[in-house]
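Colleague: I'd like to go over a predicted model; first the sequence, then the structure.
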Protein chains: 2
Amino acid sequence: MRWSELYVPTLRQDPAGADAVSHRLLLRAGYIRQLMAGHYSLLPLAVRVRAKIIEVIREEMSRIGAQEFLLPTMQPAEVWQKSGRWDKIGAEMFRLTDRKGADVALGMTHEEIFATVAQELRSYRDLPQLWYQFQTKFRDEPRPKSGLIRVREFTMKDSYSFDTDEAGLDRSFDKHHDAYVRIFARLGIPAIAVEASSGIMGGSDSVEFMCPTSAGEDLVVHCACGYAANVEKATSHLAPATDGAGLDAPEPFDTPDARTIEDLVRDYGVTADRQIKTLVYVVDGQLTLVLMRGDHALVEQKLIDTLAAVAIRPAHPDEISEALGALPGSLGGVGVTELPILADLALRDRRDMTTGANRDGVHLRGVDVARDLAVGRWADLREVTAGEPCPRCEQPLEVLRTVEIGHIFKLGRRYTETLGVSVLGADGERVTPIMGSYGIGVERALAAIVETHHDDRGIVWPVAVAPFEVAIAVLGTSDEVVAEAQTLYAALRAQRVDVLLDDRAERPGVKFSDIELVGIPYRITVAARGLAEGTVEFTDRATGQTEKIPLARAVAHTTHTLRATEN
Amino acid sequence: MRWSELYVPTLRQDPAGADAVSHRLLLRAGYIRQLMAGHYSLLPLAVRVRAKIIEVIREEMSRIGAQEFLLPTMQPAEVWQKSGRWDKIGAEMFRLTDRKGADVALGMTHEEIFATVAQELRSYRDLPQLWYQFQTKFRDEPRPKSGLIRVREFTMKDSYSFDTDEAGLDRSFDKHHDAYVRIFARLGIPAIAVEASSGIMGGSDSVEFMCPTSAGEDLVVHCACGYAANVEKATSHLAPATDGAGLDAPEPFDTPDARTIEDLVRDYGVTADRQIKTLVYVVDGQLTLVLMRGDHALVEQKLIDTLAAVAIRPAHPDEISEALGALPGSLGGVGVTELPILADLALRDRRDMTTGANRDGVHLRGVDVARDLAVGRWADLREVTAGEPCPRCEQPLEVLRTVEIGHIFKLGRRYTETLGVSVLGADGERVTPIMGSYGIGVERALAAIVETHHDDRGIVWPVAVAPFEVAIAVLGTSDEVVAEAQTLYAALRAQRVDVLLDDRAERPGVKFSDIELVGIPYRITVAARGLAEGTVEFTDRATGQTEKIPLARAVAHTTHTLRATEN
């Protein structure tokens, strides 16, 4: 393609309000424009990259035997009501009413709809099935941000597996896991596979593929030994506590101005790891006490997962005061028997602890957890922080900012059961297939590549997804330069090289900086001075290295270099 | 691909409720399933055909220098309000409110949104631009029907041109016209290009590409000489009337039981072509008389186009009675001066005509149109019927049932003006670019191919869009048959033939009928009997002809045959 015929509105200045690197560079290099918050127009360069990403994913889906479908974006409420998610999912799902008054949803995921198609499966011999599509998803994000990273409308590759039994699901899941590892490697994304919470999807196992980037909002706990987990699921090794015997019974003491963990540390000398923090949540309508060690933070997702809760929220002060007789700052679980008490494992068997007395301005010391607290359930609820020992190897853990670029789930039979999918088993009995679901956000993957492939001059695309593999910079307008550049352009195209001829009437500096900003992996510079000695320049965008090569060898050198990047 | 790994749920019986041939065959051959009225799931075979159609369109768009974009489906109300279409378009546009209470629309077309992107164009040197996308469109059709032909959600290739002046628009329009002719030829669709009304899009010229099919709902007037027009726009040559002198003034006569044109013919001997039919419409709120010859039908779209009306409807009887003093059956324009009168050209200079007297049960005869009627505007308003003389060659016209598969519009400056698109002209003045818009419905094109390529055994795909070019029917399970079929399969794939290996454990009859139903253009049958003499059978789906060919020549014969279908 000729640059003079390509619409690439590069900007001289950094755009205002673009925080993430990928957002800033994609705007500046003329890849995207915002229509409204969370909705972007993809311009020609972005369409080319997106198509290459899709083709990589398609090849890997095909390699594991998955078949491509295309299911509707607009979906009847009834299907979502059957699965129970019409009510369970809140404002994140776009809903509307059609001219006949029927409720419909815009698909934010397609478990229900693929299960509907699967109703036609007849026999265990029809299984396994791996089905996928590339389809627009809509999610009414409360805070769209960071360009293509958090949007309301995006293309997703979503796949769904149907197997007769758990062993089959494990195989389908593993196939997808391997395919995702290959996809992200081919896309040049340094993905970390982590254990994750299944959230609204339900189901047992799930693995997230996370790309480390400062623009990310998900925290991943990571160890050099290979341990990796979303902070919503991560744990760490805690040394066993060595508490003294403590008191025979909890002893109240006045703490008139102490409202926080820190107040007790500063004014009363009680270290945070010897305090019990008492949180009050409303879990699916039930007031619940959640006990944490004073220096530990609760991960709400762990609370949701532990209790299989649909909706949780912190209790309001008046709800707390009515139930416990005190306000936050002096709360505790000692003597509480009418409310369920959930406690973090780090509190197990601790003695000589301090907690609120459920009287404003009073705390209790000498608390023995086993003796004094009616804990109904123990669970891992705390947030791991950097430097804690790895649960596998006990080396210090890292906590990384990441963005999720893929997520694979073992779903179980929730959707097939509620939507009436069953096949005849080998023994003649009806069998409800077990499902898995697997997703990659295409435009987010594009942004993640930019997040991890750029320098101060612009984007540095991996060859596999670059909008063009090579740019020919034509310097000057002499007949010889133009003719040789065109000949080279035609010769590269004949070798199926994806080449862009920069034939614009611009100064060399503008051409060089645009080619760098846009991120074409290789640049061939055709100029009168070089041609006089029979050479062109070949520049590697990633390293910035330039070498003179004989014009006669330019095609061979290019194809050889490109081939070396494939694997 | 192996059929055993392909999901093709063919049906033994014709599905109930599928009227159109394409609907019936696409369901039966396992290409599509309905999710809800107007929304279809595309199964793997349909996804393959759709991808090939898209690639044909993309190649032809690229050939005319168009660049691919991808713009959001969800769009802010403000943009549609600026163009005036937020209010102008009714229930056909899906609208919803997001979690922040903002009004948004689902794109039914993208003039506004591409114009928004075009706001960044700077100079006349940036023009022309031809921009296109493949994007899902949503339209809340009052009556979705005929499978993929009339749906509420579909993929459209829509393109938009931006030029500095009318001559540029003419060039962009002609390029699209030529591209569309090539696209439909390559897809095997016998498209007829017809003059059409621009409808809600506004603008001057528009051409529709229509595919003749009994499933169509659009009538096209067509002549062997090449004249073709949508019935909404078509005209015909009418012989000049030879009226007598008539009376000196209109003369009332009693017609107590005559309420229709036919009543007057039968009971009073007034032929229909000597009657004036008086219709009363409310045109953008204004009561308007529309006069037609008694034997002619009004085309409402012509009325809309003539008056550039936004909304028209027939007046209610009480509105008519209040304005004219009579009810339908005895209406006429003689003496009417307070309402605008629009008359069809076929009434021009007619004399000795009969019409209602605006008194119930009374008509007037001897009406001289020029003398007795205050016609404010003359226009072509009548519907052409089969057999009337062609306006170009005067041979009898045909009227065909068709479905629209493409539509190209010269839009003018309506969208660029209202959305503030302007560039610096060559003379330093601001210029508002002029737009064109061009669309092809992808899944409707798929259905149109089936409508025009089938027989009583199933679909007969043109090679260019077939889900597979060749199917190998493996008959029996002997090692030799299986081994030779696999070798042939691998050899064809190595030649880049898109081949399906029917390796299912099914009887030959099932394989043959499924391959025919699905519509694979060529079948190679590998069976023990043939192999014994070193041959396989090669069957042409379209002609049904089978020839024995030496196994050793099977690959060459196939590639040669396929190459012969390309052009």
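Modeller: Alright, I've got the coordinates. Note that the structure is a prediction, hence the values are computed from the model and not measured.

Colleague: need the longest strand for chain A.
Modeller: The single longest strand within chain A, with elements called by DSSP state E, is strand A:398-412.

Colleague: What are the buried residues along that one?
Modeller: For strand A:398-412, the neighbour count (16 or more other C-beta atoms under 10 Å in any protein chain shown) marks A:399-400, A:402-412 as buried. The way it works is simple: take the backbone N, C-alpha and C, and place the C-beta from them, glycine included.

Colleague: Using CSV, lay out the residues you listed together with distance to chain B and pLDDT.
Modeller: Listed next are the buried residues of strand A:398-412 as CSV, based on distance: C-beta to the nearest C-beta, whole Å; pLDDT from 0 to 100:
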residue, distance to chain B, pLDDT
A:399, 31, 95
A:400, 30, 95
A:402, 26, 96
A:403, 21, 96
A:404, 21, 95
A:405, 19, 96
A:406, 21, 97
A:407, 23, 95
A:408, 21, 96
A:409, 21, 93
A:410, 22, 94
A:411, 19, 93
A:412, 22, 94
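
Colleague: quick one: the strands in the stretch 351-500 of chain A?
Modeller: Assignment of strands within the stretch 351-500 of chain A using DSSP state E, counting those that start in this stretch yields the ranges A:353-359, A:362-367, A:377-379, A:398-412, A:423-424, A:430-431, A:434-441, A:454-455, A:458-459, A:470-474, A:499-502.

Colleague: residue in the stretch 101-250 of chain A nearest to chain B?
Modeller: Scanning the stretch 101-250 of chain A for the residue nearest chain B gives residue A:140, at 4.8 Å (criterion: C-beta to the nearest C-beta).

Colleague: ok, residue A:489 to residue A:554 distance?
Modeller: Remark: distance between residue A:489 and residue A:554 (C-beta to C-beta, to the nearest Å) = 11 Å.

Colleague: thought residue A:238 was touching residue A:385?
Modeller: No: with contact defined as C-beta atoms under 8 Å, residue A:238 does not reach residue A:385; the gap is 11.5 Å.

Colleague: Give me the residue at the spatial middle of chain A.
Modeller: The centroid of chain A falls nearest to residue A:404 when counting by C-alpha atoms, centre = their mean (1.1 Å).

Colleague: Once you drop chain neighbours, what's closest to it?
Modeller: residue A:208 (5.3 Å; C-beta to C-beta, 6 or more residues apart in numbering or on different chains).

Colleague: and if you look at residue A:219?
Modeller: For residue A:219, the spatially nearest residue (C-beta to C-beta, 6+ apart) is residue A:231, at 3.9 Å.

Colleague: For burial, what's the neighbour tally of that neighbour?
Modeller: Burial of residue A:231 is recorded as 22 neighbouring residues (other C-beta atoms under 10 Å in any protein chain shown).

Colleague: Next: residue A:5.
Modeller: For residue A:5, which is what you asked about, the neighbour count (other C-beta under 10 Å) is 14.

Colleague: and what of residue A:532?
Modeller: Counted by other C-beta under 10 Å, the residues lying close to residue A:532 total 9.

Colleague: how close does it get to chain B?
Modeller: Residue A:532 is 32 Å from chain B, where distance means C-beta to the nearest C-beta, to the nearest Å.

Colleague: Run through the strands of the stretch 51-200 of chain A in chain order.
Modeller: Counting by DSSP E, counting those that start in this stretch, the segments of the stretch 51-200 of chain A that form strands are A:67-68, A:74-76, A:95-97, A:103-106, A:129-138, A:153-163, A:192-195.

Colleague: For these, give me CSV that also has mean neighbour count and mean pLDDT.
Modeller: Supplementary listing: the strands of the stretch 51-200 of chain A in CSV, determined by neighbours: other C-beta atoms under 10 Å in any protein chain shown; pLDDT from 0 to 100:
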stretch, mean neighbour count, mean pLDDT
strand A:67-68, 22, 98
strand A:74-76, 22, 97
strand A:95-97, 16, 97
strand A:103-106, 21, 98
strand A:129-138, 22, 98
strand A:153-163, 25, 98
strand A:192-195, 20, 89
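
Colleague: Please produce TSV containing these, extended by distance to chain B.
Modeller: As requested, the strands of the stretch 51-200 of chain A are exported to TSV (distance: least, C-beta to the nearest C-beta, whole Å):
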stretch	distance to chain B
strand A:67-68	4
strand A:74-76	5
strand A:95-97	4
strand A:103-106	8
strand A:129-138	6
strand A:153-163	5
strand A:192-195	27
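
Colleague: I'd like the ones you listed written out as a markdown table, with distance to residue B:11 added.
Modeller: Conversion of the strands of the stretch 51-200 of chain A to a markdown table gives the following (distance: least, C-beta to C-beta, whole Å):
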| stretch | distance to residue B:11 |
| --- | --- |
| strand A:67-68 | 19 |
| strand A:74-76 | 23 |
| strand A:95-97 | 33 |
| strand A:103-106 | 27 |
| strand A:129-138 | 18 |
| strand A:153-163 | 20 |
| strand A:192-195 | 42 |
